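Trainee: Output the structure for:
(one chain, ligands or ions: 2)
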Amino acid sequence: MAHILIVDDEKNYRIVLSRILEDAGHRVSLAENPFAALELLSHEGVALILSDLRMPHMDGMAFFQRVREEVGDVPFIIMTAFATVETALQAMKAGAFDYLMKPFQNEEILIIVEKALTFARLQTENALLRRQLETSIGQEIMGQAPAIRQLLQDIGRVAPTPTSVLICGESGTGKELVARALHRSSPRKAAALVTINCAAFAENLIESELFGHERGAFTGAIERKRGLVEMADGGTLFLDEIGELPLPLQPKLLRLLQEKRFRRVGGTAEIETDVRVVAATHRDLQAMIDAGQFREDLYYRLNVVSLQIPPLRKRPEDIGLLGLFFIEDYARKLGRPVHGFSAEALRLLQDYSWPGNIRELQNVIERGVLFCSGEQLLPEDLPDIFRKDNVTAEPRPLPPLEFNKPLPEQLDEIEENLIRRAMVQARGVQAHAARLLGISRSNLQHKLHKYDLGSSKFSSAEQTVPD
Ligand SMILES: Nc1ncnc2c1ncn2[C@@H]1O[C@H](COP(=O)(O)OP(=O)(O)OP(=O)(O)O)[C@@H](O)[C@H]1O
Ligand SMILES: [Mg+2]
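Mentor: Ligands and ions are numbered 1, 2, ... in the order given. Here you go, the predicted model:
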């Protein structure tokens with residue numbers, strides 16, 4: 001069913017046409033002249049316009065122009081008597097969808113109308129696809145924070161070079177996104193970006209996955225297999241979770257980086273390959289080196305350039321922007337009319353510490369858009385931990401002393417409770433609370449972070465706590 005507007009100065013035509021179209025299941029609006037039609041179009045959307053050509057005061061062509069200027073790309077069908085077919089053809093050249101010659105057959109009208117509606121639907125779909133494409137290519141890495149702008153600049157600077165890049169950041173901060181951006185902005189973009197997650201393979205499998213194997217190299221190796229390194233020739237090899245690469249394999253990777261050569265498992269031939277290596281990790285590789293879990297020489301080779309992605313809690317100014325971006329994205333995907341969040345919901349999002357970073361934000365918004373019943377995301381659309389009553393500074397009553405939980409857990413509960421009390425009593429002033437607790441301020445900050453007790457939660461408690 002579509003909403004169709006018929007514009008004709010002859011009443012009989014209006015009646016006949018509307019009957020045919022209504023019988024076919026469409027909703028029809030009628031106008032006896034272009035002025036009335038433009039009036040209607042100023043406050044109602046239509047899927048198609050059928051307009052007579054010859055009308056007093058404003059003819060169909062002039063009306064068509066006005067529609068283009070004022071309404072946009074609505075499919076437009078011109079109806080005309082034989083004598084003015086020339087003009088109808090002109091209208092089509094100007095962009096009208098089709099023309100109908102009067103008098104017409106019912107069948108003919110329905111066919112042309114369906115054709116126009118299908119065409120319009122396809123156009124809308126295409127426009128949507130184009131928009132999705134634009135957002136995924138143009139602004140994949142969103143963010144206004146200085147650290148993100150710097151990151152984008154650095155990506156632009158190192159992408160064109162063959163240099164190895166190490167991407168460091170907590171889980172969900174966008175490491176893979178950055179790896180893709182590096183590949184896409186490099187001269188290797190036409191070749192493959194091959195990704196391997198080093199944490200996803202057992203130690204004995206990862207070598208043959210990376211370097212391939214010869215026939216008979218091990219039980220089950222019934223034929224020669226090319227490895228990912230070979231497949232990435234001319235392109236980029238993205239080694240995700242590089243911290244999980246087993247120690248025995250690390251010299252092989254080092255050799256690939258230094259000499260651009262490798263051997264397949266069970267093979268003797270030296271194979272040359274031209275890959276640009278990008279690695280990512282959420283681990284502290286320096287600490288792993290100290291613990292003997294990661295080779296220092298490989299680290300330096302990978303870490304020629306390192307890109308640090310800050311955790312979301314270090315760039316709270318981006319929470320709103322990213323949140324809005326995800327709201328639009330999910331509203332479109334889930335077909336929900338959600339357009340933003342209430343000020344209160346935004347404040348809750350900004351106060352949260354986001355241990356799962358952008359991925360967590362994305363999940364919270366997806367769920368929120370699903371639950372949201374209006375046009376704005378509200379606090380009640382967020383998971384329980386965001387709800388004000390749950391993050392209030394009010395200390396909970398001390399749990400009874402029982403042997404129902406392990407000691408460390410009980411101690412944590414008591415500690416958290418005492419910290420809440422101290423923060424409330426100190427009205428959110430950390431130095432004061434630290435004194436009450438008899439610990440240093442940095443120790444207190446560490447514990448506030450551990451229990452996810454942001455200071456802002458306590459400044460709002462200020463008014464509610466009596467002296
Ligand atoms: N700056 C950003 N703008 C828009 N979306 C982002 C941004 N950073 C990350 N995302 C989105 O957040 C999600 C997580 O990103 P990604 O998978 O790149 O993180 P990661 O650091 O590789 O995580 P993990 O360590 O868990 O593998 C993805 O859906 C990604 O599209
Ligand atoms: Mg990742």
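Trainee: who's in contact with the residue of the stretch 151-300 of the chain found nearest ligand 2?
Mentor: When scored by CB to the ion, the stretch 151-300 of the chain has residue 176 as its residue closest to ligand 2, at 4.0 Å. No exception for glycine: its C-beta is placed from N, CA and C like everyone else's. Counting by CB atoms under 8 Å, 6 or more residues apart in numbering, residue 176 touches 195, 238, 240, 280.
Trainee: filter the residues you listed to the buried ones?
Mentor: Those of these that meet the buried threshold are 195, 238, 240, 280, by 16 or more other CB atoms under 10 Å.
Trainee: How far does stretch 199-207 sit from its chain's centre?
Mentor: Put simply, stretch 199-207 sits 30 Å off its chain's centre (CA atoms, centre = their mean, to the nearest Å).
Trainee: hang on, the earlier thing: pLDDT at the residue of the stretch 151-300 of the chain closest to ligand 2, what is it?
Mentor: Looking at residue 176, its pLDDT reads 94.
Trainee: Name the SS class of it, please.
Mentor: helix (DSSP: H, G, I helix; E, B strand; the rest coil).
Trainee: how close does it sit to residue 386?
Mentor: 26 Å (CB to CB, to the nearest Å).
Trainee: Measure how buried residue 168 is and give me the count.
Mentor: When counting by other CB atoms under 10 Å, one arrives at 20 neighbours for residue 168.
Trainee: so who does the spatially closest residue to it that is not a sequence neighbour touch?
Mentor: Closest residue to residue 168 apart from its sequence neighbours, by CB to CB, 6 or more residues apart in numbering: residue 308 at 5.3 Å. Contacts here follow CB under 8 Å, 6+ apart; on that basis residue 308 touches 147, 151, 168, 169.
Trainee: Distance check, the residue of the chain found nearest ligand 1 against residue 304.
Mentor: Closest approach between the chain and ligand 1, counting by CB to the nearest ligand atom: residue 174, at 2.7 Å. For residue 174, the distance to residue 304 (CB to CB) stands at 21 Å.
Trainee: more neighbours, these two?
Mentor: Looking at residue 174 and residue 304 with other CB under 10 Å, you find the greater number of neighbours at residue 174, namely 24 against 15.
Trainee: Could you verify my assumption that that one touches residue 148?
Mentor: No. Between residue 174 and residue 148 there is no contact under CB atoms under 8 Å: 9.2 Å.
Trainee: re the thing from before, which pair of the contacts of residue 308 spans the longest distance?
Mentor: Within the contacts of residue 308, 147 and 168 form the most distant pair, 12.6 Å apart (CB to CB).
Trainee: Low-confidence stretches in the stretch 101-250 of the chain?
Mentor: Counting by pLDDT under 70, the stretch 101-250 of the chain contains low-confidence ranges at 124-139.
Trainee: residue boundaries of the strands in it?
Mentor: 165-168, 193-197, 212-213, 225-226, 236-240 (DSSP state E, counting those that start in this stretch).
Trainee: same check, this time on the stretch 351-467 of the chain
Mentor: 376-377.
Trainee: Now it against ligand 2: closest residue?
Mentor: Relative to ligand 2, the nearest point of the stretch 351-467 of the chain is residue 359 (8.8 Å; CB to the ion).
Trainee: Settle this for me: that residue is touching residue 169, isn't it.
Mentor: No. Here residue 359 does not reach residue 169: they are 11.5 Å apart, not a contact under CB under 8 Å.
Trainee: So those two - more neighbours on which side?
Mentor: residue 169 (20 against 14).
Trainee: so who does the residue nearest to residue 341 when sequence neighbours are not counted touch?
Mentor: For residue 341, ignoring the flanking residues on the chain, the nearest one in space by CB to CB, 6+ apart is residue 377 at 3.9 Å. Going by CB under 8 Å, 6+ apart, residue 377 touches 327, 338, 340, 341, 342, 345, 365, 368, 369.
Trainee: what's the neighbour count on residue 443?
Mentor: 12.
Trainee: List the contacts of the residue of the chain closest to ligand 1.
Mentor: Applying CB under 8 Å, 6+ apart, the residues contacting residue 174 are 141, 309, 357, 358.
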